[in-house]
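K.L.:
The sequence and its predicted three-dimensional model are supplied below.
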Amino acid sequence: MDSNNNNGFLRIWKNKVLRNMIRQHNLLGQKIKITPAYAIKNLNHFKTISCDLLNIILYIDNDNVDDYETLKKKGFIHKGLHIDIAKKHILTNDLIYKTVKRVKFSSKFNSDLPAGFFPNTVERIYFNDMYLCPIKKGVLPAGLLEVRFGDSYNSSLNGILPSKLETLILGQYYRLPLTMPQSLTHLEIGLRFGGRIEPMPPKLRVLKSRSMDGECLSMLGKSTNIHAGNVGFNLQVLDLESARVLCDDYRWLPRGLVKLKLPKGFNSVIHPDEFPDSLVSLSLGQVFNTRIEPGCLPNALQTLKLGHYYGHSLKGVLPMTLTKLHLSLSFDHGNTLWKYKHLKILGIYSINQFPLGHVIPKTIQKLVLDGPIDVAKGQIPANVQVLKIIKPNSIQDGAIPPSVRVLELLAQPMETSAVTIPKGIRKLTFAPMFLRAQDIPDTVQHLTILSKCDYELGSIPVSVKTLILHHNPNNSEYGLISPNVKRLIMVKEGLYSSNFIDPLSLPKDISFDAHFGYYQARLSFPEFKTIKKDGVLMTNKLK
């Protein structure tokens with residue numbers, strides 16, 4: 001078919017079979033969130049698509065449980081279930097359909113679950129942060145692979161967790177002793193977790209700790225003969241970034257570790273051979289400012305994040321294998337960076353007002369500038385394709401090179417006339433004070449507006465397909481939105497905002513998501529605040 005001729009496409013689109021194939025292709029891999037009532041009304045549509053290939057999530061509450069029962073009798077295939085049922089409804093063992101693999105509970109759910117509530121097909125369960133009810137034996141299915149508990153949960157889990165569990169995420173306040181399933185490969189423990197992780201699951205690959213108790217990590221130490229035994233031998237990722245425990249020496253680390261994040265408060269001397277030679281990614285503490293001597297960092301290191309305050313010389317310190325680096329801004333660092341030919345991603349942080357200068361290597365493709373930095377024309381290399389600038393002191397007009405395809409300007413509301421946004425940008429995030437026609441190039445397809453501003457007619461280019469608004473426009477006329485926009489996301493408006501959205505004012509066939517607030521906006525939509533898109537309903541992000 002000639003790509004310049006729409007007639008061929010129209011002939012294909014008129015063919016019902018081909019049209020359904022196109023729709024199916026567009027929906028594969030997407031989360032399709034619907035209510036039981038809508039699914040019942042549109043069963044014929046879903047029959048034209050192989051539902052077992054789709055990621056369909058059904059939302060059920062006290063008002064639509066009966067509709068859900070009707071769907072189950074019709075054999076409606078869905079893999080996800082979001083439960084928002086209040087205590088007044090009695091939960092039964094046959095509530096969840098046999099095809100469901102993932103179950104998520106809403107923020108208000110806090111009911112006792114009977115033994116056998118989950119069918120054995122359920123592989124992943126996510127509890128909300130307010131869930132407090134103790135879980136009894138026999139509640140969690142034998143085939144469960146992943147479970148996440150909310151921050152408030154603090155009832156014993158001993159003898160509760162299935163033997164095949166692979167991922168366990170505990171909330172901030174879980175503090176009881178726990179025998180871990182030996183099948184665990186991923187474990188996250190919270191702030192209040194105390195005592196030793198004993199025995200350490202032999203297959204554990206990922207461990208993330210926010211604990212204030214260093215005893216829980218003692219099983220990883222050399223005293224356990226880690227090099228000769230199983231304990232911690234398979235651990236590859238250790239994330240201590242949010243942990244409240246500091247060690248003076250980390251030579252106890254497993255020797256096969258690949259990725260390590262040290263606590264934010266880490267500021268100790270790094271000794272030679274302290275870190276495993278296998279380490280590929282290392283994040284030092286946010287306040288780290290202790291001189292690193294040459295030869296102390298592993299030679300295979302590819303990703304390194306230094307502290308915001310590190311101001312010592314880097315000469316001879318950094319491995320030549322680095323491809324990703326985050327560091328503070330200084331002229332000395334700039335004189336060093338040009339030697340690293342493999343660097344692709346660079347993050348620069350500055351606490352004080354500082355000129356950027358010509359410190360960025362020409363090999364950089366993704367650049368993050370964070371802090372009161374002065375950015376002048378010609379200082380950002382022409383190879384940069386992804387650019388993120390956070391709270392700069394100034395950006396000279398023309399400083400953003402035409403090579404950039406993804407641009408984020410995270411600053412206070414700005415005059416769009418102050419910075420020229422080059423043609424070629426595909427994804428743009430910024431905070432304008434007033435948005436005029438021609439301010440945004442017609443190459444932008446994904447647009448995020450962070451500020452509450454006024455819009456001029458035609459200021460949203462027809463090229464924009466996804467529009468994210470963090471606030472209602474001051475002039476809330478949704479006719480300003482181009483009819484080409486296929487997805488509108490409203491993010492931050494207050495819970496009881498007087499502004500609400502009239503679905504009839506939105507472009508036809510748009511997909512609408514409401515996050516966080518927009519309570520009244522949600523209520524304005526029938527059948528759980530949704531709007532039609534290609535015969536399928538897309539709902540707001542459920543909490």
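P.N.:
Yep, that arrived. Residues are numbered from 1 along each chain as shown.
K.L.:
Sketch out the low-pLDDT regions of the stretch 351-500 of the chain for me.
P.N.:
416-418, 472-479, 492-500 (pLDDT under 70).
K.L.:
again, 80 this time
P.N.:
352-355, 357-358, 412-418, 471-483, 486-500 (pLDDT under 80).
K.L.:
Mind jotting down where the strands sit in it?
P.N.:
Under the criterion DSSP state E, counting those that start in this stretch, strands of the stretch 351-500 of the chain are mapped to 354-355, 366-370, 373-375, 386-390, 394-395, 406-410, 427-430, 434-435, 446-449, 454-455, 466-469, 487-490.
K.L.:
again, but for the stretch 201-350 of the chain
P.N.:
Using DSSP E, counting those that start in this stretch, strands in the stretch 201-350 of the chain cover 206-209, 237-239, 259-261, 281-283, 303-305, 324-328, 345-349.
K.L.:
Strand partners (parallel or antiparallel) of the first one?
P.N.:
So that's strand 206-209. Here strand 206-209 is paired, per DSSP bridges, with strand 186-189 (parallel), strand 237-239 (parallel).
K.L.:
same check, this time on the fourth one
P.N.:
Here strand 281-283 has these sheet partners by DSSP bridges: strand 259-261 (parallel), strand 303-305 (parallel).
K.L.:
okay, those in JSON lines with mean pLDDT and mean neighbour count next?
P.N.:
C-beta here means a position set from N, CA and C on the backbone, and glycine is covered the same way. Output for the strands paired with strand 281-283, formatted as JSON lines (pLDDT from 0 to 100; neighbours: other CB atoms under 10 Å):
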{"stretch": "strand 259-261", "mean pLDDT": "95", "mean neighbour count": "20"}
{"stretch": "strand 303-305", "mean pLDDT": "96", "mean neighbour count": "20"}
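K.L.:
export those to a markdown table and tack on distance to residue 240?
P.N.:
Putting the strands paired with strand 281-283 into a markdown table (distance: least, CB to CB, whole Å) gives the following:
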| stretch | distance to residue 240 |
| --- | --- |
| strand 259-261 | 6 |
| strand 303-305 | 13 |
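K.L.:
wait, which of those is closest to residue 467?
P.N.:
strand 303-305 (32.9 Å; CB to CB).
K.L.:
Contacts for the closest one, please.
P.N.:
By CB atoms under 8 Å, 6 or more residues apart in numbering, the residues outside strand 303-305 that reach it are 280-284, 297, 318, 322-327, 347.
K.L.:
again, only this time at 7 Å
P.N.:
280-284, 318, 322, 324-326 (CB atoms under 7 Å, 6 or more residues apart in numbering).
K.L.:
what do you get for stretch 142-150?
P.N.:
Against stretch 142-150 from outside (CB under 7 Å, 6+ apart): 120, 122-131, 140, 162, 164-171, 174.
K.L.:
Repeat that for stretch 309-316.
P.N.:
So stretch 309-316 is contacted by 287-289, 291, 294, 327-328, 330, 332-333, 336 (CB under 7 Å, 6+ apart).
K.L.:
mind redoing it with 10 Å?
P.N.:
Here stretch 309-316 makes contact (CB atoms under 10 Å, 6 or more residues apart in numbering) with 267, 284-295, 306, 325, 327-330, 332-333, 335-337, 339-340, 349, 351.
K.L.:
Just the buried ones from these?
P.N.:
Neighbour counting by 16 or more other CB atoms under 10 Å classes 267, 284-286, 288, 290, 292, 306, 325, 327-330, 333, 336-337, 340, 349 among the contacts of stretch 309-316 as buried.
K.L.:
Leaving out sequence neighbours, find the closest residue to residue 356.
P.N.:
Nearest in space to residue 356, with sequence neighbours left out and distances taken as CB to CB, 6 or more residues apart in numbering, is residue 379 at 4.8 Å.
K.L.:
OK, contacts around that neighbour?
P.N.:
Counted by CB under 10 Å, 6+ apart, residue 379 has contacts 355-360, 369, 373, 396, 399, 401.
K.L.:
What backbone torsions are found at it?
P.N.:
Listed backbone geometry of residue 379 is phi -90, psi -20, with angles given as degrees, to the nearest 10.
K.L.:
Who are the packing partners of the longest strand along the chain?
P.N.:
Counting by DSSP state E, the longest strand found in the chain is strand 55-61. On a contact count with 3 or more CB pairs under 10 Å, 6 or more residues apart in numbering; DSSP states H and E, strand 55-61 meets strand 31-34, helix 36-41, helix 65-73, strand 80-84, strand 102-105.
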